[in-house]
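With the sequence up front, the predicted model follows.
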Amino acid sequence: MTETSENLIARLCEVTSDVKSSFGGLTADQLNWKPLPDKWSVAQCIDHLITTNRAYFKRLEEVVGGDLRPNLWSRIPFWSGLVGYLIKRSVDPQNRKKMKTFPVFEPSQSDVPDSIIEDFADCQEKLMSYIRQTDHLDRKKIKIASPVSDKAPLTLASAFEILVIHERRHFDQAVEVTGTNGFPAA
């Protein structure tokens, strides 16, 4: 496994461990508690990560299966680099600017089952499997379309990096929910 793959997998394992240790003992009521009607609960933050990761799985399956067909937008030399840079910047945990998510990535609006933590861990295993299966490929040259738009291609390297930093951003958001006044006691 390449150093990059090892690094990505280590960071995913760290987030998975942090999610389990921080939220694994919460009740369904605690997981679904929202500080305000327009804010996300811990469960919605985790559900959003699962939804986002799964939205990429179709593209990753095409790469692994050798069925990826680059589109016109992915052939523009600088475009995928610019798209990747902009997305990374927007989902970076250091960027505290609130953003509206795209509809394709919206979490569930109803009560999320307390199995969400295990569902997240299962999703992480699948993502790590895609990383391992593409370890032998030049991820900087392979371009996939973003689930948001075919006009937003990403290198496979950028897609994996975006998913990893995005997870840390929403883990931090979920931690903030548990520290909000009014968060239910166990």
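The structure has been received and is ready for your questions.

Tell me the buried residues in stretch 40-47?
By 16 or more other C-beta atoms under 10 Å, the buried positions in stretch 40-47 come out as Trp40, Ser41, Val42, Ala43, Gln44, Cys45, Ile46, Asp47. All C-beta atoms are positioned from the backbone trio N, CA, C, and that covers glycine.

quick one: low-confidence parts of the chain?
96-110 (pLDDT under 70).

Apply 80 and report the result again.
1-2, 70-80, 82-85, 87, 90-110, 186 (pLDDT under 80).

What segments of it are helices?
3-23, 28-32, 42-65, 79-91, 116-133, 156-178 (DSSP state H).

Excluding chain neighbours, what is closest to Thr178?
Val42 (6.4 Å; C-beta to C-beta, 6 or more residues apart in numbering).

isn't the one you found right next to Leu31, touching?
Yes - the criterion here is C-beta atoms under 8 Å, and Val42 meets it with Leu31 at 5.1 Å.

who touches both of those two?
Phe23 (C-beta atoms under 8 Å, 6 or more residues apart in numbering).

Quick check: Leu154 vs Phe23, distance?
According to C-beta to C-beta, to the nearest Å, Leu154 stands 29 Å off from Phe23.

Sorry, wrong one. I was asking about Pro35.
In terms of C-beta to C-beta, Pro35 sits 15 Å off from Phe23.

neighbour count winner among those two?
Phe23 (23 against 16; other C-beta atoms under 10 Å).

What count of nearby residues applies to Pro153?
24.

try Ile116
26.
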